[in-house]
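> need coordinates for the below:
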Amino acid sequence: MTAPARPPALCPDHYPQFSCTGSQCEDSCCIGWRVHLDKKTYHYYKQNQHKALRKLFELSVKRSETKGDDKHFGVISMSEQGRCAFLDQDNLCLIHKNLGHQALSKVCATFPRRANQLGTQLEYSLSISCPEAARLILLNHQPMGFVQTDIDPSLDNISSLAGSLNNDAALMQLNDLRALIIGILQCRNLTIDARLILIGLLLEDFQSALQAPQATAGQLQEEVLQRFVALLGTPEALQKEIDQINPNLVLKMALVTAVIGNIPTSAHNTRFRGLLTEAAEGLAFKDKKPSSDHERMACHTEAHLSYYAPFFDQHAYILENYLVHYVFHSLFPFARQTLLTQYQELICNYLAITTLLEGQASYHKGMTEELAVTTIQSYSRFAGHYTHFKETISRVIEEQGLDDMRQLFMLLAREKGRAPL
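Below is the predicted model of the structure:
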């Protein structure tokens, strides 16, 4: 008896178009990262006697210091410049060149592809840390769609949900919640900031429904979803109401400065450090610390109105695509943290990115698609791969006292007189 065919995977519509650019990549994934080796690959490399690689395998393939699981059994040591030992002068992989694709470790063979499991549904996406993937994700003028694709057997390192969510009813309800979140993010009759505030309100109400007695929780969750679907039918009234929220630019800049100020300057990613330095100069930060509040606010407002808003008035889809990708790629709102914690992380990342974009726009006296992609990709590469960054965000949120939705909304609110996005 033959086994039933596995259902196809769900992926964003840009996913099938991806192809690695190899030596043409401007920000190699073999530089500045820790490359883990699964147990099988580790032993294969250690036993390999290829004359061009034998010495490199002997010197550069190490046992993992953490003695982790079979997926993190070994590591490839990096040079002082953060380059993989197997990267040649043309930024091509010597293992791939001499032994073929099949000899690569799981991490190297599959990046930037990622697999998530939601119940019986397998989902594939690309990491925005990769420049070519970032262009595919961010630069499509049309709302991101989702299609089905064949199962890729090489993508067997699959992220899945916490056990408490692995039941059909809970998954269906949360999947409906995610679909609505994506729908709100793609509602182009609202500003980007208004969409994020609306999502915060939705998550607040949905969290309350989750905490209701089991007998009524499901019905309350469905009522929350239906109520917010109805709100999308009156975007003008909704935008007008959200515009009444008073912004707190001082608190916003304090939060962003604290988040960005915790980025280690010793990281090997010189590309991102250069962008960070330029953005700081564009916003008149001195050594990543703000000058006086008055000067800081003046520089921020000028950067936004003169250089940032004129571009993003016409290219708001870039930010929309970043946010939709974030929701799909990161299992939002399925992750193990509370809905509020996940929302806080999303908002901190969004505010850090938009502030860096404002600084870059001010520094260069304008913004382009390529500069926007480079800024978002470089930040995401750091934030997604620096292991302590999530803890940094959590600490900064606690220090700033941002444990209330209304405070987060004031960080997102548009300043009066600003052009909408």
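> what about the closest residue to Cys25 other than its chain neighbours, how many residues nearby?
Sequence neighbours aside, Pro131 is the residue nearest to Cys25 in space, at 6.0 Å (criterion: Cβ to Cβ, 6 or more residues apart in numbering). The C-beta positions use only the backbone N, C-alpha and C, and glycine is treated the same way. Residues lying near Pro131 (other Cβ atoms under 10 Å) number 23.
> please apply the same query to His388.
10.
> just the strands in the stretch 1-150 of the chain please.
9-12, 35-37, 61-63, 74-76, 113-118, 121-126, 146-149 (DSSP state E, counting those that start in this stretch).
> follow-up on the earlier one: ok, the residue nearest to Cys25 touching Val373?
Yes - Pro131 lies in contact with Val373 (Cβ atoms under 8 Å); the separation is 7.3 Å.
> which of the strands of the stretch 1-150 of the chain comes out lowest on mean pLDDT?
Mean pLDDT across the strands of the stretch 1-150 of the chain is lowest at strand 35-37; the value there is a mean of 83.
> name the strands paired with that strand and say parallel or antiparallel.
With DSSP bridges as the test, strand 35-37 is paired with strand 74-76 (antiparallel).
> contacts for the strand it pairs with, please.
Contacts to strand 74-76, defined as Cβ atoms under 8 Å, 6 or more residues apart in numbering, come from residues 34-39, 41-42, 45, 60-65, 84-86.
> thinking again about what came up before, now tabulate the strands of the stretch 1-150 of the chain in TSV and tack on mean neighbour count and distance to Glu278.
Shown next, in TSV, are those (neighbours: other Cβ atoms under 10 Å; distance: least, Cβ to Cβ, whole Å):
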stretch	mean neighbour count	distance to Glu278
strand 9-12	21	30
strand 35-37	22	29
strand 61-63	16	36
strand 74-76	22	31
strand 113-118	18	30
strand 121-126	21	26
strand 146-149	13	35
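> out of those, nearest to Met253?
Met253 lies closest to strand 121-126 among those, at 31.9 Å (Cβ to Cβ).
> compute the number of surrounding residues for Thr120.
Close neighbours of Thr120, defined as other Cβ under 10 Å, add up to 9.
> quick check: it vs Val147, distance?
Distance, Thr120 to Val147, using Cβ to Cβ, to the nearest Å: 18 Å.
> repeat that for Ser394.
35 Å.
> please apply the same query to Glu391.
36 Å.
> from what I see, Ala212 and Leu220 are in contact.
Yes - using Cβ under 8 Å, Ala212 is in contact with Leu220, at 5.1 Å.
> ok, the two, which is more surrounded?
Neighbour count, other Cβ under 10 Å: between Ala212 and Leu220, Leu220 has more, with 17 against 13.
> excluding its backbone neighbours, what's nearest that one?
The shortest distance from Leu220 to any non-neighbouring residue, by Cβ to Cβ, 6+ apart, is to Ala209 (3.8 Å).
> enumerate the positions of the host helix or strand of the one you found that are buried.
Taking DSSP states H and E as the criterion, Ala209 maps to helix 192-210. Residues of helix 192-210 classed as buried by neighbour count (16 or more other Cβ atoms under 10 Å): 192-207, 209-210.
> now the element after it, going C-ward?
helix 214-231.
> can you list the buried residues in that next one?
Quick answer for helix 214-231 (16+ other Cβ under 10 Å): Ala217, Gly218, Leu220, Gln221, Val224, Leu225, Phe228, Leu231.
> next one: stretch 172-180
By 16+ other Cβ under 10 Å, the buried positions in stretch 172-180 come out as Gln173, Leu174, Leu177, Arg178, Leu180.
> contacts for that stretch, please.
118, 165, 202, 206, 218, 221-222, 225, 228-229, 327-328, 332-334.
> what about it, average pLDDT?
pLDDT averaged over stretch 172-180 gives 88.
> next one: that stretch to chain centre, how far?
The chain centre lies 20 Å from the centre of stretch 172-180; the measure is Cα atoms, centre = their mean, to the nearest Å.
> with stretch 369-388 instead?
Per Cα atoms, centre = their mean, the centroid offset for stretch 369-388 relative to its chain is 8 Å.
> please apply the same query to stretch 299-307.
On Cα atoms, centre = their mean, the centre of stretch 299-307 falls 25 Å from the chain's centre.
> buried residues, it. List them.
Buried-residue list, stretch 299-307, by 16+ other Cβ under 10 Å: Cys299, His300, Glu302, Ala303, His304, Tyr307.
> same question, stretch 7-25
Under the neighbour-count criterion of 16+ other Cβ under 10 Å, stretch 7-25 has Ala9, Leu10, Cys11, Pro12, His14, Tyr15, Phe18 buried.
> identify, from those, the entry nearest to Tyr363.
The closest of the buried residues of stretch 7-25, once distances to Tyr363 are taken by Cβ to Cβ, is His14, at 29.3 Å.
> next one: phi and psi at that closest one?
phi -90, psi -10 (degrees, to the nearest 10).
> verify the stated contact: it with Ser125.
No - using Cβ under 8 Å as the test, His14 is too far from Ser125 to be in contact (9.5 Å).
> got the buried residues of helix 214-231 as JSON lines, with pLDDT columns?
JSON lines is the format used below for those (pLDDT from 0 to 100):
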{"residue": "Ala217", "pLDDT": "83"}
{"residue": "Gly218", "pLDDT": "84"}
{"residue": "Leu220", "pLDDT": "92"}
{"residue": "Gln221", "pLDDT": "90"}
{"residue": "Val224", "pLDDT": "95"}
{"residue": "Leu225", "pLDDT": "95"}
{"residue": "Phe228", "pLDDT": "96"}
{"residue": "Leu231", "pLDDT": "94"}
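> pLDDT below threshold where in the stretch 51-200 of the chain?
Scanning the stretch 51-200 of the chain for pLDDT under 70 picks out the ranges 67-68, 161-170.
> also the stretch 201-350 of the chain?
In the stretch 201-350 of the chain, residues with pLDDT under 70: 263-269, 285-291, 336.
> how about the strands of it, start to end?
Using DSSP E, counting those that start in this stretch, strands in the stretch 201-350 of the chain cover 285-286, 289-290.
> with adjacent residues omitted, what lies nearest to Glu132?
Thr21 (5.1 Å).
> and that neighbour, how far is that from Cys130?
Applying Cβ to Cβ to Thr21 and Cys130 gives a distance of 9 Å.
> what helix or strand does the spatially closest residue to Asp403 that is not a sequence neighbour sit in?
Distances taken as Cβ to Cβ, 6+ apart put Ile397 closest to Asp403, at 7.1 Å, once the chain neighbours are dropped. Counting by DSSP H and E, the element that carries Ile397 is helix 389-400.
> in that helix, what counts as buried?
Neighbour-count burial for helix 389-400 [16+ other Cβ under 10 Å]: Phe389, Thr392, Ile393, Val396, Ile397, Gln400.
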